[in-house]
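*Asks:* return atomic coordinates for the entry below.
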Amino acid sequence: MLKVFPDIDIIEQIITDYTAIEGSSKAFTVDVGIDKQGRTLLIEIHTFNSCGTYGFDDKALIRMYELGYKYIVNSNKGLELDGV
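*Replies:* I've put the predicted structure just below:
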């Protein structure tokens, strides 16, 4: 079985770019994939509250949920839809 791992430098750059955005969540997850050419690609970034913890039970969990909650409360804005 072939095992392929993502490029950690790319993931670190994704994180750096995201955290540089004003108003970005302070607790988030990054989903990445690898295409057939072996490139590491961003699939999605979302605030921590919208992900499963899958057994993560560190004491930092409560703080990450708190930061995710604050992001949701502080960034929740109405949507402007064309033609609606």
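*Asks:* which strands and helices sit next to the helix of greatest length in the chain?
*Replies:* Looking only at the chain and at elements set by DSSP state H, the helix with the highest residue count is helix 60-75. With contacts defined as 3 or more Cβ pairs under 8 Å, 6 or more residues apart in numbering; DSSP states H and E, helix 60-75 has these neighbours: strand 40-47. Every C-beta, even on glycine, is put in place using the N, C-alpha and C of the backbone.
*Asks:* hmm, who's touching the strand it packs on?
*Replies:* Strand 40-47 is contacted from outside by 6-7, 10-11, 14, 18, 25, 27-35, 68, 71-72, using Cβ atoms under 8 Å, 6 or more residues apart in numbering.
*Asks:* picking up where we left off before, and the longest helix of the chain with strand 40-47, angle?
*Replies:* With axes from the mean of the first three to the mean of the last three Cα atoms, to 10 degrees as the criterion, the two stretches helix 60-75 and strand 40-47 enclose an angle of 80 degrees.
*Asks:* relative to the whole chain's centre, how far out is helix 60-75?
*Replies:* If you compare the mean C-alpha spot of helix 60-75 with that of the full chain, they lie 13 Å apart, counting by Cα atoms, centre = their mean, to the nearest Å.
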